[in-house]
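Student: Next come a sequence and a model predicted from it.
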Number of protein chains: 2
Amino acid sequence: MPNAVPVLREAEALPQPYLLFLGDTTEPGYAKTAFGLRDWAGERCVGEFACAGATVSTGLPFLSPAQARLAGARAMVIGVANPGGRIPMAWLPPLLEALQAGLDLVGGMHARLAGIESLRSVAFAHGRRLIDVREPPPGIPVASGHRRTGRRLLTVGTDCALGKKYTALALVRAFRERGLDVDFRASGQTGILIAGEGIPMDAVVADFAAGAAEILSPDADPAHWDVIEGQGSLSHPAYAGVSLALLHGSQPDVIVVCHEHGRENVLGHPHYLLPSIEDTIDLALRLGARTNPAIRCAGVSLNTGSLDAAVAGRVIEETAARLGLPVADPIRGGDAFERLVEACLA
Amino acid sequence: MPNAVPVLREAEALPQPYLLFLGDTTEPGYAKTAFGLRDWAGERCVGEFACAGATVSTGLPFLSPAQARLAGARAMVIGVANPGGRIPMAWLPPLLEALQAGLDLVGGMHARLAGIESLRSVAFAHGRRLIDVREPPPGIPVASGHRRTGRRLLTVGTDCALGKKYTALALVRAFRERGLDVDFRASGQTGILIAGEGIPMDAVVADFAAGAAEILSPDADPAHWDVIEGQGSLSHPAYAGVSLALLHGSQPDVIVVCHEHGRENVLGHPHYLLPSIEDTIDLALRLGARTNPAIRCAGVSLNTGSLDAAVAGRVIEETAARLGLPVADPIRGGDAFERLVEACLA
């Protein structure tokens, strides 16, 4: 890799504010990076941009790169994480347009921006940077399996892209409001963009994935909480290995299982039915007990974004009654969410 | 990485015969590469070499690199796979001695031979090659989860380094003797050295690990068997994610669970008790059913190397009676192994 284009990974050094790039995406589930930045780092997002044909929107103003630059943007962030993390050819013209308009590019894909020759040469010619946040730190060890001090919570999903990061961020906010000492531990590219640090679990070499989870949430004060962003699902036909390594290495005391109401099939793998919440809890506790025998499930985070408030409230109550556990939608908050927070801390 | 030193990965191009290097190893479980080559590619091994202090031996003649070169050796193979796959400083003098004696070096560690400057410069000066077989092929896809044609068997362990590769190789030999169309699918460095091809599962980036397992055993004739070498264990505190990705991507019709009689703790993680055979079968069938609902356990491969023949026979019988499944030690063979082979094919 030529060194002519500076390549950074520290989020604190990221040029801000952002223009969010949505590619040619028609599936909202793939745009979680853009939605996450809008919701958790909204003060650093001036607008959105997309290819012709994209149907997904964050609701932010649609700005060309030149308009965004005039509005103060310093970088365009790729806000889409499609399966496999590749950069389609159709994205190159808008990416080049952003560089030419004076914006740096920030990406969190498996494919590295700095690995594309045309981006490198145009970035170099315009004095712009290509910043890849999905680059794990060097020297990750094999997991030791030794217990660490401090308290840990991991969000565990029935699928990808249904609220594990949102749930973790909402719990961190609620823990902080109660005066607790808590850190959000980001395990994916969007979380890293929001938190300013973290480890992109899915980009770590498989033998070291549990070791990466161990260093993501190191020894801490006994009263300190790490709230760790989950990845994938233990029942996902492609990513379950990542989820299991994260579960084993995180050694959570508490899990919160995350599900989207009404989702019946695995996102991007429609020939696979989603596991039930009950089966997900049972499997996560069985597997997680291997590295933390005291693991427990505090409750369920239910994404009810597709329902109106009254129906959502009823679904949340019915699910809580069925499971005998606190159930809440963190986006809706309310008493149900307070009960979930209390159950985490119990 | 400079290109001055040729770096190969095709096993068919490996220089042979080999001198087996045992490092400074005192733990036989870490020398499985050397033992595997002795047992399954013995006609290509002229002897062994080690640092002072090593206590492990393959039983082959101890030869200096110069003596081995005179005996016809063309390469020294690193026959040790220690945790994390690093190359200790203590190994450098003997590795340099081998290059100076006219041998190429072949390694299967995570640490690349070609990543060590002193090895590169001495190899270049002597016209020798540094060959790293633990380099996954480029372009591995995310797993699709789609069922493939042909029949598949995966060996599943209660731990690392207790006979998963041996069991797979012994089953391949037995299937061949019955006239079946069968391939050994190597998933680790030793298997790749023996088979001449394969994918080093533990070196694949985590998000693509199940995808690697899918391309390792591609669509085949309905009567064809792939016998896939297992990795790690589903209960291993460091490597379970690799094992689960291999299980999901392999979509085995049949598993054979591999255990070493008398092993009570996880190798290298003595604070972890080994799971029982029963729990390993139950967990593998539960997790494996996600991508192949017809998965079944044909029986157990029991490593009884620490016992004399009479005791081993009794232990094998007792274990078979307890489990209600065929149990055999493939190294001992006999009627018990024939019954295990028949159960795989049933």
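Tutor: In hand now; what should we look at?

Student: Output the contacting helices and strands for the helix or strand bottoming out on mean pLDDT in chain A.
Tutor: Lowest mean confidence among the helices and strands of chain A (mean pLDDT, DSSP states H and E): helix A:189-195, at a mean of 85. With contacts defined as 3 or more Cβ pairs under 8 Å, 6 or more residues apart in numbering or on different chains; DSSP states H and E, helix A:189-195 has these neighbours: helix A:32-40, helix A:164-177, strand A:182-185. For the C-beta atoms, the positions are set from N, CA and C on the backbone; glycine is no exception.

Student: Identify all contacting residues around the last one.
Tutor: Contacts with strand A:182-185, where a contact means Cβ atoms under 8 Å, 6 or more residues apart in numbering or on different chains, come from A:168-169, A:172, A:175-176, A:191, A:194-195, A:198, A:216-217, A:224-229.

Student: Quick one, which of the residues you listed are buried?
Tutor: For these, burial is judged from neighbour counts taken by 16 or more other Cβ atoms under 10 Å in any protein chain shown, and it is met by A:168-169, A:172, A:175, A:191, A:194-195, A:198, A:216-217, A:224-229.

Student: Identify, from the residues you listed, the entry nearest to A:Lys32.
Tutor: Checking those against A:Lys32 with Cβ to Cβ, the nearest one is A:Gly191 at 10.1 Å.

Student: How about the closest one, nearest residue that isn't a chain neighbour?
Tutor: A:Glu229 (4.7 Å; Cβ to Cβ, 6 or more residues apart in numbering or on different chains).

Student: contacting residues around that neighbour?
Tutor: Taking Cβ under 8 Å, 6+ apart as the criterion, A:Glu229 is in contact with A:155, A:164-165, A:168, A:184-188, A:191, A:198.

Student: sec struct for the residue of chain A most remote from its centre, please.
Tutor: Most distant from the centre of chain A: A:Ala125, at 32.9 Å, with distances by Cα atoms, centre = their mean. State at A:Ala125, reduced to three classes by DSSP: H, G, I helix; E, B strand; the rest coil: helix.

Student: A:Arg314 too?
Tutor: Secondary structure, three-state DSSP: A:Arg314 is helix.

Student: ok, it - how many residues close by?
Tutor: Counted with other Cβ atoms under 10 Å in any protein chain shown, the neighbours of A:Arg314 add up to 12.

Student: how about the helix or strand encompassing A:Val341: buried residues?
Tutor: Assigning secondary structure by DSSP states H and E places A:Val341 in helix A:334-345. Applying a neighbour-count criterion of 16+ other Cβ under 10 Å, the buried positions in helix A:334-345 are A:336-337, A:339-341, A:343-344.

Student: Which residues does it contact?
Tutor: By Cβ under 8 Å, 6+ apart, helix A:334-345 touches A:153, A:170-171, A:174-175, A:178, A:180, A:254, A:256, A:298-301, A:313, A:316-317, A:320, A:325-330.

Student: could you redo the last one with a cut-off of 7 Å?
Tutor: With Cβ atoms under 7 Å, 6 or more residues apart in numbering or on different chains as the test, helix A:334-345 has contacts from A:153, A:171, A:174, A:254, A:256, A:298-299, A:316, A:326-328, A:330.

Student: For that helix, what does the pLDDT average out to?
Tutor: With pLDDT averaged residue by residue, helix A:334-345 scores 98.

Student: Check the offset of it from the chain's centre.
Tutor: Centroid separation between helix A:334-345 and its chain, computed with Cα atoms, centre = their mean, to the nearest Å, is 22 Å.

Student: and the angle for that helix with helix A:164-177?
Tutor: 80 degrees (axes from the mean of the first three to the mean of the last three Cα atoms, to 10 degrees).

Student: Now for A:Thr155, how many residues are close by?
Tutor: Neighbours around A:Thr155, by other Cβ under 10 Å: 26.

Student: For it, name its beta-bridge partners.
Tutor: As for beta bridges, A:Thr155 partners with A:Val256 under DSSP bridges.

Student: OK, contacts around it?
Tutor: A:164, A:167-168, A:229-230, A:256, A:258, A:301.

Student: can we see that at 6 Å?
Tutor: Contacts for A:Thr155 (Cβ atoms under 6 Å, 6 or more residues apart in numbering or on different chains) come out as A:164, A:167-168, A:230, A:256, A:258.

Student: nearest to A:Arg129, of those residues?
Tutor: A:Ala168 (28.9 Å).

Student: wait, that closest one sits on A:Gly230?
Tutor: No. Counting by Cβ atoms under 6 Å, A:Ala168 does not reach A:Gly230; the two are 7.4 Å apart.
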